[in-house]
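> this one's structure only:
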């Protein structure tokens with residue numbers, strides 16, 4: 001609903017009778033008032049998915065419930081948002097919700113903007129500390145493209161102002177300032193063939209054979225390790241990204257990973273462990289060893305060998321909690337060039353890491369031939385004159401590097 005604005009003169013006249021308003025509030029029936037009261041919560045909610053996104057000084061999206069994760073066109077979807085008011089002076093904000101599939105074209109897009117509680121309780125009515133349950137149902141339109149689709153959420157005001165996320169370091173979001181919520185799989189033929197999951201093999205170390213983690217890969221064992229094909233764009237288009245490959249080794253105690261990244265401009269400013277390393281240049285490793293999609297690791301190493309490590313209990317569980325966990329990860333980086341010398345021409349860098357298997361959830365505590373892990377790897381690159389781009393071992397297709405169902409497979413081969 002657009003604001004109803006009065007000329008200054010009319011507003012002044014209106015003050016003689018009542019306060020001048022910039023909008024017309026709905027007149028609620030007794031039944032509608034009862035519905036609003038039922039959605040105003042007296043106790044803290046326990047949503048299926050915790051988000052805790054803070055939108056300026058206005059609203060906290062505590063979390064949400066979702067009734068289904070797989071649909072087909074014509075199916076009804078219900079998502080319940082739990083919202084808390086943060087201010088005594090609530091502005092006339094609106095909720096925007098985008099249901100967006102691959103590409104974001106008309107065949108993969110639905111606009112679900114709304115006011116809370118079926119439009120009966122605009123956000124400007126909220127009182128500080130008040131928590132409401134906002135239930136939204138929608139029907140997936142006919143012809144919606146098959147494949148993963150994302151629900152994005154946020155607030156807007158006026159014609160084009162999108163309110164900012166105040167805690168982006170702990171909230172999944174995209175570069176358009178939208179909070180990323182659930183991924184829903186839309187059944188049906190996708191508009192383009194989907195990229196297959198990637199596969200890789202970890203070669204076994206011989207008994208007594210060792211690896212020195214220095215980033216140089218000069219041990220004979222690395223020569224036996226088969227490199228992955230060149231990584232591609234994360235969107236599943238199979239287009240080659242900037243040249244990146246990985247190799248894998250294993251013994252009873254460690255999974256060894258080496259990633260070679262061609263890079264003419266190697267740089268990073270991060271110095272502290274668990275910084276937001278994904279914002280610049282970094283190598284990322286995700287591990288869901290048993291493929292249960294309930295607990296998984298995210299490990300990152302920058303060109304300066306700064307580590308980020310996190311353990312999630314489920315898909316995109318609380319980042320603040322996940323990053324508190326530390327692994328006894330051993331890593332090293334070898335640079336063919338000069339780090340942080342932005343005006344010269346580098347060749348690339350190699351990240352080498354030893355991941356202790358005993359600390360990997362679902363791995364069984366020790367490496368063994370025949371094991372198959374679900375993993376994914378990514379590389380972020382940010383050139384001096386350009387925008388940040390990513391390369392993927394197994395393309396997630398959806399705009400979500402935590403798309404657990406798209407992790408590739410790593411087979412632990414016996415020693416030959």
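That came in fine, so what should we check first? Small disclaimer: the values here were computed from a predicted structure and weren't measured.
> thought residue 241 was touching residue 235?
No - in terms of C-beta atoms under 8 Å, residue 241 does not count as a neighbour of residue 235; the distance is 10.2 Å. The C-beta positions use only the backbone N, C-alpha and C, and glycine is treated the same way.
> ok, residue 100 touching residue 147?
No - in this structure, residue 100 sits apart from residue 147 without contact. The criterion is C-beta under 8 Å, and the distance is 11.2 Å.
> any common contacting residues for the two?
With contacts defined as C-beta atoms under 8 Å, 6 or more residues apart in numbering, no residue is shared by residue 100 and residue 147.
> now residue 349: which helix or strand?
strand 348-356 (DSSP states H and E).
> helices or strands next to that strand in the packing?
Contact here means 3 or more C-beta pairs under 8 Å, 6 or more residues apart in numbering; DSSP states H and E; on that basis strand 348-356 packs against strand 254-262, strand 282-288, strand 296-301, strand 330-336.
> so which bits of the very next helix or strand once past the third one are buried?
So the one you mean is strand 296-301. Elements were assigned by DSSP H and E; along the chain past strand 296-301, the next helix or strand is strand 307-312. Taking 16 or more other C-beta atoms under 10 Å as the basis for neighbour counts, the residues of strand 307-312 that come out buried are 307-312.
> equivalent analysis for stretch 180-187, please.
Within stretch 180-187, the residues scored as buried using 16+ other C-beta under 10 Å are 180-184, 186.
> which other residues reach it?
Taking C-beta under 8 Å, 6+ apart as the criterion, the residues outside stretch 180-187 that touch it are 49, 51, 64, 66, 68-73, 77, 79, 99, 101, 140, 144-153, 172-174, 315-316, 398-400, 403, 405.
> ok, 7 Å please
Residues lying outside stretch 180-187 but in contact with it, judged by C-beta atoms under 7 Å, 6 or more residues apart in numbering, are 64, 66, 69-72, 77, 101, 140, 144-153, 172-174, 398, 400, 403.
> pLDDT on it, on average?
Taken as a whole, stretch 180-187 carries a mean pLDDT of 93.
> check stretch 155-165 too.
Stretch 155-165 shows an average pLDDT of 87 in the prediction.
> ok, stretch 218-229 next?
96.
> ok so, going back, can you add pLDDT and distance to residue 391 and give the buried residues of strand 307-312 back as a markdown table?
Formatted as a markdown table, the buried residues of strand 307-312 follow (pLDDT from 0 to 100; distance: C-beta to C-beta, whole Å):
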| residue | pLDDT | distance to residue 391 |
| --- | --- | --- |
| 307 | 98 | 20 |
| 308 | 98 | 18 |
| 309 | 98 | 21 |
| 310 | 97 | 21 |
| 311 | 97 | 24 |
| 312 | 96 | 22 |
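> thinking again about what came up before, in strands only, show me the contacts of stretch 180-187.
Among those, the residues falling in strands (DSSP state E) are 64, 66, 70-71, 77, 101, 147-153.
> can you pull out the strands in the stretch 151-300 of the chain?
161-162, 179-186, 199-204, 244-250, 254-262, 282-288, 296-301 (DSSP state E, counting those that start in this stretch).
> quick one, the second one and strand 147-157 angle?
This means strand 179-186. With axes from the mean of the first three to the mean of the last three C-alpha atoms, to 10 degrees defining the directions, strand 179-186 sits at 150 degrees from strand 147-157.
> distance from strand 179-186 to the middle of the chain?
For strand 179-186, the separation from the chain centroid amounts to 10 Å (computed by C-alpha atoms, centre = their mean, to the nearest Å).
> pLDDT weak spots in the stretch 51-200 of the chain?
Segments of the stretch 51-200 of the chain classed as low confidence (criterion: pLDDT under 70) are 103-105, 159-160, 189-194.
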